[in-house]
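K.L.:
got a structure for you, letters missing:
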């Protein structure tokens, strides 16, 4: 964790539950995509969330950002931002409150930059659409500000006149980063922002996210399944499996002393250049969240599984200072 | 030594733009390499998006005809093959297993169709035998797959079915275009290890197209690195990746983030001479 990170949480997530609920012909179906997640994101840090596809990462951040659409519902728990203390979740606040804080205090960098930028509008207009109402000033002043901000992500101001299709993938992703940060928000959510980019461009974009974050002192919730990216970028890291957080702690600590068997597997299975050791995939398949296994959701694939794992949900316990893990093998007797 | 696949100065150009403003874009320029019959290997093609690696794969599969040069399979030009005879020897595996299969079609039907068309299975009974054999080679069985639809399986299982489908035809060569980039992290290594087993046990050659240098290092025998349609470096995989000589290959290798690159950006980027407040104590 960076020393500058101060301990007051900007975001406090407590026992958050978000389910997809559908009802066809009287048959109820419930997919528990996020099921009891607890964590804090502190001021001035990058908190990473790792986990494979369908582990609930994106559902979790959508719930935190209040972007809920049926059939996704926030069923219980809270996700409280320090800049919105009167509401226990953005999704529960009235629309006019949400409009006021969105982009000014909370912004969202999405995976597909093409989906964020309107293909029929020049970049300049996208900037005006998103940020002008929050920053104010005359049109000329605003455009000058946008141009100056684009230079921060190493883009030429002429980009403002371009349409999205005229830019390369890396340039578009940098435009979305610029859009998300121009109002200097307190909190930025970045959902797989570099997954579609190639490694060289990815390295630039990640470095840019870090330097802008440090300049503004904001907090970033960074999601990717790529453990290499987490190692290089994040201050603290949470590992998700099947809709629950199984481990979290400071990133170097997680990589040096992974405690949960799933985390250990994730880190041990990464091939490295210069290392020819045989690496194995994990047996079994990720669980179906419509009927997840009882007890610890990892137990059918776990090398350390014990009888208790099949019946009882392990509690998330601070096993080492600042390092929490939910596993019966690590914390005997800790029950949720 | 006879060549299983030989590419000789293969090029492909597309024209872009309107009637008067058309420009020629060279997607692949003068690529040459050969895979030998006697030594099955995993041959990796590395490159960023837009480097022409997928265009190269499509030419090897006979989907696009090269604009210049020649591609010969077992001594005969790819274009001269009868399509079914060609597909019996060369089979593809695609990036996204969820898109490769029709969601409304049972998976076993793909296996039977491949067996009947390219695998010379005379009837359904023979096709079932071939399908079961191929599924067992990837660690599944026909009993598990029969009647199942794509949404019932995970990405890793589906990709294994896609590999089994390719194996049903008993090909000599498999062209796999980014086969693990859509597979869950916990299952990725089992797919990569499976490629190694197919090479060692069945004597299959595999052209493995990827941008992931770490798995390329882990599994492949030889590789080429492409940039803007041109091969900039080639050779034995581990030697090249341990010690890349071309500036682009070095740039690629240095951009790979691994658990060992911990805190690479913590001091900001580009790294400052004196680490700022963010540096690890």
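P.N.:
Cool, got the structure. For clarity, every value in this text was computed on a predicted model and none was experimentally measured.
K.L.:
check whether stretch A:172-182 contacts chain B.
P.N.:
No: against chain B, stretch A:172-182 shows no contacts by C-beta under 8 Å from any C-beta of the partner chain, the least distance being 12.7 Å. Every residue, glycine included, has its C-beta placed from N, CA and C.
K.L.:
how deep is the closest residue to residue A:234 other than its chain neighbours tucked in, by neighbour count?
P.N.:
The shortest distance from residue A:234 to any non-neighbouring residue, by C-beta to C-beta, 6 or more residues apart in numbering or on different chains, is to residue A:48 (3.3 Å). Using other C-beta atoms under 10 Å in any protein chain shown, residue A:48 is surrounded by 26 other residues.
K.L.:
Pairing partners for the strand or helix carrying residue A:48, with directions?
P.N.:
For residue A:48, the host element (DSSP states H and E) is strand A:46-50. The strands that strand A:46-50 pairs with in its sheet are strand A:219-223 (parallel), strand A:236-241 (parallel) (by DSSP bridges).
K.L.:
gap between residue A:56 and residue A:195?
P.N.:
According to C-beta to C-beta, to the nearest Å, residue A:56 and residue A:195 sit 17 Å apart.
K.L.:
middle-most residue in chain A, spatially?
P.N.:
Chain A has residue A:223 as the residue nearest its centroid, 3.5 Å off, counting by C-alpha atoms, centre = their mean.
K.L.:
Just the pLDDT for it.
P.N.:
For residue A:223, the pLDDT comes out at 92.
K.L.:
Let me see the contact set for it.
P.N.:
If you count contacts by C-beta atoms under 8 Å, 6 or more residues apart in numbering or on different chains, residue A:223 has them with A:48, A:49, A:50, A:57, A:58, A:61, A:189, A:190, A:191, A:192.
K.L.:
ok, now which ones touch the third one?
P.N.:
The contact partners of residue A:50, taken as C-beta under 8 Å, 6+ apart, are A:57, A:223, A:224, A:225, A:227, A:230, A:237, A:238, A:239, A:240, A:266.
K.L.:
change it to 6 Å
P.N.:
Applying C-beta atoms under 6 Å, 6 or more residues apart in numbering or on different chains, we find residue A:50 in contact with A:230, A:239.
K.L.:
which residues does it bridge with?
P.N.:
residue A:239.
K.L.:
Worst mean pLDDT across the helices and strands of chain A, which element?
P.N.:
Scoring the helices and strands of chain A by mean pLDDT, DSSP states H and E places helix A:113-116 at the bottom, with a mean of 72.
K.L.:
Now tell me what touches whichever strand or helix holds residue A:29 from outside.
P.N.:
Take DSSP H and E as the rule and residue A:29 turns out to sit in strand A:27-43. Strand A:27-43 is touched from outside by A:5-22, A:47, A:56, A:59-60, A:219, A:221, A:238, A:243-245, A:248, A:289-290, with contacts defined as C-beta under 6 Å, 6+ apart.
K.L.:
among these, which are in helices?
P.N.:
Among the contacts of strand A:27-43, the residues falling in helices (DSSP state H) are A:59, A:60.
K.L.:
distance of the residue nearest to residue A:234 from residue B:213?
P.N.:
For residue A:48, the distance to residue B:213 equals 22 Å [C-beta to C-beta].
K.L.:
Those residues of chain A touching chain B, which are they?
P.N.:
A:2-4, A:52-53, A:198-200, A:203, A:206-207, A:210-211, A:214, A:225, A:228-229, A:231-233, A:252, A:255, A:269, A:271-273, A:279, A:281-282, A:285-286 (C-beta under 6 Å from any C-beta of the partner chain).
K.L.:
Give me the PyMOL select line for those, limited to the buried ones.
P.N.:
Buried residues among the residues of chain A next to chain B (16 or more other C-beta atoms under 10 Å in any protein chain shown), as a PyMOL selection:
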select buried, chain A and resi 2+52+198+199+200+203+206+207+210+211+214+225+228+229+231+232+233+252+255+269+271+272+273+279+281+282+285+286
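K.L.:
so where's chain B uncertain?
P.N.:
Residues of chain B that meet the criterion pLDDT under 70 lie in B:1, B:16-20, B:261-264, B:266-281.
K.L.:
in it, which spans are helices?
P.N.:
Under DSSP H, chain B gives helices at B:53-60, B:83-87, B:97-100, B:107-117, B:124-137, B:142-145, B:155-168, B:185-202, B:213-219, B:237-242, B:247-255.
K.L.:
hey, which of those helices is tucked in deepest?
P.N.:
helix B:155-168 (a mean of 25; mean count of other C-beta atoms under 10 Å in any protein chain shown).
K.L.:
what angle separates it from helix B:124-137?
P.N.:
On the basis of axes from the mean of the first three to the mean of the last three C-alpha atoms, to 10 degrees, helix B:155-168 is oriented at 130 degrees to helix B:124-137.
K.L.:
got the angle for helix B:155-168 vs helix B:185-202?
P.N.:
Using the same axes, to 10 degrees: helix B:155-168 against helix B:185-202 is 20 degrees.
K.L.:
tell me what helix B:155-168 is packed against?
P.N.:
Applying 3 or more C-beta pairs under 6 Å, 6 or more residues apart in numbering or on different chains; DSSP states H and E, one finds that helix B:155-168 makes contact with strand B:90-93, helix B:97-100, helix B:107-117, helix B:124-137.
K.L.:
what about 8 Å?
P.N.:
strand B:90-93, helix B:97-100, helix B:107-117, helix B:124-137, helix B:185-202 (3 or more C-beta pairs under 8 Å, 6 or more residues apart in numbering or on different chains; DSSP states H and E).
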